[in-house]
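S.K.: return a 3D structure for these sequence lines:
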Amino acid sequence: MFENGSFRPAQSTKLVDNVVNQIQQKISTGAILPGDKLPPEPELMQLFNVGRSTIREAIRVLVHAGLLEKKQGFGTYLKSSPIIQEPLTHRLLRAELIEVFEARKMIELEIARLAALRRDDTDLSNMRKHLDTRNMALKQNDRELYAKSDIQFHMAVAIASKNAVIIDLYRTFTHILSDAMSKLNRNYSSHDPQSDYHEQVYESIKNGDSDQAVQGTLKILNGTLSEL
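M.R.: Presented below is the predicted three-dimensional model:
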């Protein structure tokens, strides 16, 4: 579990953050299980190629976050029932892009279903406005406006779900994914299948057809997934 090669030498910048992130990643993937004992300081220093003060500060951060506990005279252990106090944004930033996208996909399909059932005239007006801007930007090959209006359209759909928790979650996922999505090598032509799928989502929500709204959203997400 803690063999050489299990961890990578920490980078010279932000050494403590690097060590913390690697240990958190091992916890998230189950490489370190509740009740497991961490190696002693000298071994951790060797594994991460850092000094004692860096290891101690990283452990202190993880203890404060509720992940680890220090047992006097016995060592440092992963808590049996760790209380995760790490902000969601930080957790998403150190996750694989595909993992973030898959989680967002689950949320967005439910958003589409709820939006079709709960949308009001203001929601529909906002969706139409952002969709029209998106279409215009596509024709003008304005990538920045295209990306911005695309995000705004999907955010308007999320707001139409009328679920504050889902809206906050979706906003967080969108913030994390937006930079990565903007770097995709997309073919920005004046017409593409994604535009048709967006229109399908809008019309389905407008008509209160939750099944079709979900299907249209799934087509959009699958198209994006193929580009990752």
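
S.K.: can you pull the domain assignment for this protein?
M.R.: 15-85, 89-225 (automatic domain parsing).

S.K.: distance from the chain centre to the longest one, please.
M.R.: Right, the one you point to is domain 89-225. Centroid displacement of domain 89-225 relative to its chain, using Cα atoms, centre = their mean, to the nearest Å, is 14 Å.

S.K.: go on, the first one?
M.R.: Put simply, domain 15-85 sits 24 Å off its chain's centre (Cα atoms, centre = their mean).

S.K.: return the mean pLDDT over it, rounded to an integer.
M.R.: Here domain 15-85 scores 87 as its mean pLDDT.

S.K.: please, where are all the strands along this structure?
M.R.: Under the criterion DSSP state E, the chain contains strands at 68-71, 75-78.

S.K.: against which helices or strands is the first one packed?
M.R.: Put plainly, it is strand 68-71. helix 52-64, strand 75-78 (3 or more Cβ pairs under 8 Å, 6 or more residues apart in numbering; DSSP states H and E). To be clear about C-beta, it is placed using only N, CA and C from the backbone, and glycine gets the same treatment.

S.K.: deepest of the strands of the chain, which one?
M.R.: With neighbours taken as mean count of other Cβ atoms under 10 Å, these reach their highest mean count in strand 75-78, at a mean of 17.

S.K.: packing partners of that one?
M.R.: Strand 75-78 sits against strand 68-71, with contacts defined as 3+ Cβ pairs under 8 Å, 6+ apart.

S.K.: residue contacts, the most far-flung residue of the chain relative to its centre?
M.R.: Centroid-distance maximum for the chain: residue 73 at 39.0 Å, with Cα atoms, centre = their mean. Contact analysis of residue 73 by Cβ atoms under 8 Å, 6 or more residues apart in numbering lists nothing.

S.K.: among the strands of the chain, which is nearest residue 157?
M.R.: With Cβ to Cβ as the criterion, residue 157 lies closest to strand 75-78 of these, at 39.4 Å.

S.K.: can you list contacts of the closest one?
M.R.: Contacts with strand 75-78, where a contact means Cβ under 8 Å, 6+ apart, come from 27, 32-38, 40, 59, 63, 67-71.

S.K.: kindly report the same for stretch 101-119.
M.R.: 123, 154, 157-158, 160-163, 166, 169-170, 173-174, 177, 201, 204-210, 212-214, 216-218, 221, 224-225, 228.

S.K.: repeat that with 7 Å
M.R.: 157-158, 160-163, 166, 169-170, 173, 177, 201, 204-205, 208-210, 213-214, 217-218, 221, 225, 228 (Cβ atoms under 7 Å, 6 or more residues apart in numbering).

S.K.: follow-up on the earlier one: in a markdown table: the helices and strands packed on strand 68-71, plus distance to residue 106.
M.R.: Putting these into a markdown table (distance: least, Cβ to Cβ, whole Å) gives the following:
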| stretch | distance to residue 106 |
| --- | --- |
| helix 52-64 | 28 |
| strand 75-78 | 27 |
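
S.K.: residue 145 is nearest to which of these?
M.R.: Evaluated with Cβ to Cβ, the helices and strands packed on strand 68-71 place helix 52-64 nearest to residue 145, the distance being 40.8 Å.

S.K.: hmm, back to that, quick one, which of the contacts of strand 75-78 are buried?
M.R.: Burial by neighbour count, 16 or more other Cβ atoms under 10 Å: within these this picks out 27, 32, 38, 59, 67-68.
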